[in-house]
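In: Got a predicted structure plus its sequence, pasted below:
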Amino acid sequence: MAGRKTAWSKDVLRDLSEGGLDLQVLLEMQRGDKEDDRFEAMLAIEQEKVSWSERILVPIGEHLYVVQKGADRIVKCSCGHEFGDYRQNWKLSAVVYARDTEESLGETYPGPRKCDVEWMGLREYYCPGCGTILEMEAVPPGYPVVFDFLPDLD
Amino acid sequence: MGELKERMLKRDKDLVEGRYPSLELHEQDAVKWEVLYTRLLGIVQEGRETGRLISASPTVREFGECVFCIFTPEGEVAAFSRGILLHFASFAATIKWMLANDYEEEPGIKDGDIFCNNDPVIGGAHSADVATLMPVFYQGKLAAWVGGLTHVMEVGGTEPGGTSPSAMSRYDDGLMFPAQKVGENDRFFNYYHINVSRNTRDGSWWILDDLAKLGGCTKMKKALIDLIDEYGLEYYEKAVYEMIEEGRRFAVNKIKTVFFPGTYRTVNFYDILNAEQPVRFHKDYYIHQPLEMTVTKDGELTLDYDGLSSPGYHSNNSSLICARGLHIYQLLQEVLYDGLFNSGVVQGLELKFPEDSVLNPGIQYACSVWATAKTSAGGCFQRAMSRAYFAKGFREEGFASKAITSAVFAGGVDENDRLFSVSNFEMNSSGGPAMSNKDGMDAANSVWNPEAQLSDIEPFEPIWPLKWLGRGVQTDGGGYGKHRGGATIASLYVIEPPAKFVESGAFMSGDKVFLSAGTMGGYPAPARYRYTMRDTNFAETAENQLPLPHEEGDPADPDFARLLEGRLVRTSGQSASVEFKRYDLIYQTSGGGGGWGDPLERDPEVVVRELNDGLIFASSAEKVYGVVANRVSDEDPYVLDGARTAERRNQIRKERLARAVSTGDFLAKAREKVVAGDFAPIVKEMYNDSFNNSPRFLKEYREFWDLPDTFAGF
């Protein structure tokens, strides 16, 4: 598979990035060979989507990127909010809502469909800039914040 | 030492030390080589279809719970059929075990021999996975093995149906044949099947499945011998090892291409609620499964479960062989699906399951309901590899956690005095996980068998006294998200006709915790439960032609509670077998898939369409998806109000920020509880167990919460 170039159009990759790719095209893409330059092709798409100018190094979530800001590499949301050094867990610089009561879990899980709050709760991590849910943890009380991904950039 | 054992040890040493074969034959004539591989695939597929169609068991015929393969003489996979791909690695391990235990010398390995294994510590997943293995001799030399494996619906044990949720140790798991010779001259020993008949509730499932596997294996043997005749033994043997090497190279290259290098962490939890169950040891368990996945720039992949919980005297442990098997299978299904399905893919993968853990227990532990332990860990792997795909730009791949499947089983004596024992695999149709561009499929499949079919009801109703009042997709049965998780299947059964004795139970956890996590901001699938309703007025209600329940309806006020009288009890999705009477009801769900992305980004038109189709509740459309939809009357469809939906979504984002606190403030408050040890006893027990098992987890916990060096647990 070495040296294989992407044949997907920018429109297709943009739809893929936004999560709205036509199902038939998606299936075709899943069945097809994987290209060696997909990463670069998708980085270009992502860079076009955001309104800020820092160079994206790698996307780490639906709205989160590691970007080059001067000499630093930081985590940044698509809305422009900056979280700090990518080697630190961005969640520690986010805002969080803990669904850890019967009432708060009951807002989203009716009747018997919620977990037992003594055993587990949900932590919804929001971007302080745009209020988007960036990540969610289903963990017991007292569980350390999970560092989902530390990319190897060097 | 036997010749094969010596060859196996040498080969293993070569692979560990990186002495891989060349692809000389492929370079000489790639077409000949590729045709041979394709014909091997044809042979295993033909073996599978032969076995499946001979089998009398609806679990094998309808759900396809079987697999057939060709192995090298030393026990590496050369070709593998469709079916229970889980057994890709675990099946082969049985041959290696036999060679390591000097089977060449005693009992000997001869042409026409038949071996059986259903010991999960040796191969397979649990005692219900019964494997048949036969050596293939060519001109007096052992040239290959062929094998078939089916999930057998009755294997003895504490409960009917092949799986025993109340098993407290290996010795409750059922009748086991640890790599035993069970036949010669292509025929099973009579006393072997006498043993099966007398030590299981209904030996016909096992015996008829044996005949199905013998049929499939015999056909494969003959086809393989013809193939070797055509290609020559020397070419065949050399080409097969080249194919395995090609599988290894493909795996390394693919991982290098599609995964972004880095360190990924995920965690899952599952519950085992035995304190209130009719089992020997009344104790609940809370299992912790942390995963660290490392991908290097060279395509090396390591999975490390350091910190994993200990095994326990419950049925939800997984043997090491089985845990390895599932992870290898997941890699095959989700990443290496376009490569060669053989043992080569295993060679570039490092799997670390701590000793004396739920994924690597001692021999004494029960593995009957292995699937919870392993598929829950699989959810960690799925989310980690999904993020690795995502970062590299391959967003057509990857997904949130898959569901952990359920099953309902029953046994007893029917109205004609016939002993019966049946496990219904319809609950294999759990919800698929959401992807970055697609919702999870409703009522899709199980983690371990991508081809598991929902099955018709008709093959089951004559063989057990559970009759379907309804079967459908559970409303809001998957995790919310920009793309939602697939919804679980749900069934409502009534006991009918009046069997002389009926016991029934079900397996799978997820009552106290969410099992199928979401990702990228998506929600987990709902917690799971099961209802039983006894002493009902079902007969009178039916007699009077009053409405009968067919589904759950409103989870806060289920249809069966609203329309019938009786003793309604909500139990864990995993329930030990208990007696049922005529007209008792059972409601069972499986699991939904996790959601992907923020639900406020879901297409509002899709939300309204699903609301009108009864796939989601009006409350979740409004509260979770922020969609405003109106209808003129209860009889009319909802219509989207686009402008108010946009306003409502903006409002929800503001409400989120208003109720949230900085993570620092949240942690400062949470730390007070950590310092005070203010958790439920089961939570403290879970932490203490992991601290005890992993100095690294203890150290990280201490550092995260800024606890003194003296902190050693709660």
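Out: Nice, I can see it. Numbers count the residues shown, from 1 in each chain, chains lettered A, B, ... in the order given.
In: residues in contact with B:Lys374?
Out: Contacts for B:Lys374 were tallied using C-beta atoms under 8 Å, 6 or more residues apart in numbering or on different chains; they are B:125, B:318, B:322-323, B:326, B:359. Where you see a C-beta, it was placed from the backbone N, CA and C, and this is true even at glycine.
In: let's see it at 10 Å
Out: The neighbours of B:Lys374, taking C-beta atoms under 10 Å, 6 or more residues apart in numbering or on different chains as the test, are B:86, B:125, B:289, B:316-319, B:322-327, B:329-330, B:358-359, B:367, B:404, B:447-448.
In: Also B:Glu540?
Out: B:546, B:564-565, B:583.
In: Just the buried ones among the residues you listed, please.
Out: The neighbour count (16 or more other C-beta atoms under 10 Å in any protein chain shown) marks B:564, B:583 as buried among those.
In: Among the contacts of B:Lys374, which ones are in strands?
Out: B:Gln289 (DSSP state E).
In: re earlier: what about chain A: which of the contacts of B:Glu540 touch it?
Out: Restricting the contacts of B:Glu540 to those near chain A by C-beta under 10 Å from any C-beta of the partner chain leaves nothing, as none qualifies.
In: so of the contacts of B:Lys374, which ones are in helices?
Out: Taking DSSP state H, the ones among the contacts of B:Lys374 that sit in helices are B:322-327, B:329-330.
In: will you turn the residues you listed into a markdown table that also has neighbour count?
Out: Below are the ones in helices among the contacts of B:Lys374 laid out as a markdown table (neighbours: other C-beta atoms under 10 Å in any protein chain shown):
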| residue | neighbour count |
| --- | --- |
| B:Cys322 | 30 |
| B:Ala323 | 28 |
| B:Arg324 | 23 |
| B:Gly325 | 30 |
| B:Leu326 | 28 |
| B:His327 | 25 |
| B:Tyr329 | 26 |
| B:Gln330 | 24 |
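In: Would you mind reformatting those residues (as a markdown table) and adding columns for distance to B:Ala542 and pLDDT while you're at it?
Out: Rendered in a markdown table, the data for these read as follows (distance: C-beta to C-beta, whole Å; pLDDT from 0 to 100):
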| residue | distance to B:Ala542 | pLDDT |
| --- | --- | --- |
| B:Cys322 | 44 | 90 |
| B:Ala323 | 47 | 91 |
| B:Arg324 | 51 | 90 |
| B:Gly325 | 46 | 88 |
| B:Leu326 | 44 | 86 |
| B:His327 | 49 | 89 |
| B:Tyr329 | 45 | 85 |
| B:Gln330 | 45 | 88 |
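In: Show me where chain A has its strands.
Out: Under the criterion DSSP E, strands of chain A are mapped to A:55-59, A:64-69, A:72-77, A:82-85, A:95-99, A:121-126, A:133-139, A:149-151.
In: Next, format the ones you listed as CSV and append mean pLDDT and mean neighbour count.
Out: Converted to CSV, the strands of chain A look like this (pLDDT from 0 to 100; neighbours: other C-beta atoms under 10 Å in any protein chain shown):
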stretch, mean pLDDT, mean neighbour count
strand A:55-59, 98, 19
strand A:64-69, 98, 21
strand A:72-77, 98, 20
strand A:82-85, 98, 16
strand A:95-99, 98, 21
strand A:121-126, 98, 23
strand A:133-139, 98, 25
strand A:149-151, 98, 21
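In: could I get these as TSV with distance to chain B?
Out: As requested, the strands of chain A are arranged in TSV below (distance: least, C-beta to the nearest C-beta, whole Å):
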stretch	distance to chain B
strand A:55-59	5
strand A:64-69	9
strand A:72-77	12
strand A:82-85	10
strand A:95-99	4
strand A:121-126	5
strand A:133-139	4
strand A:149-151	4
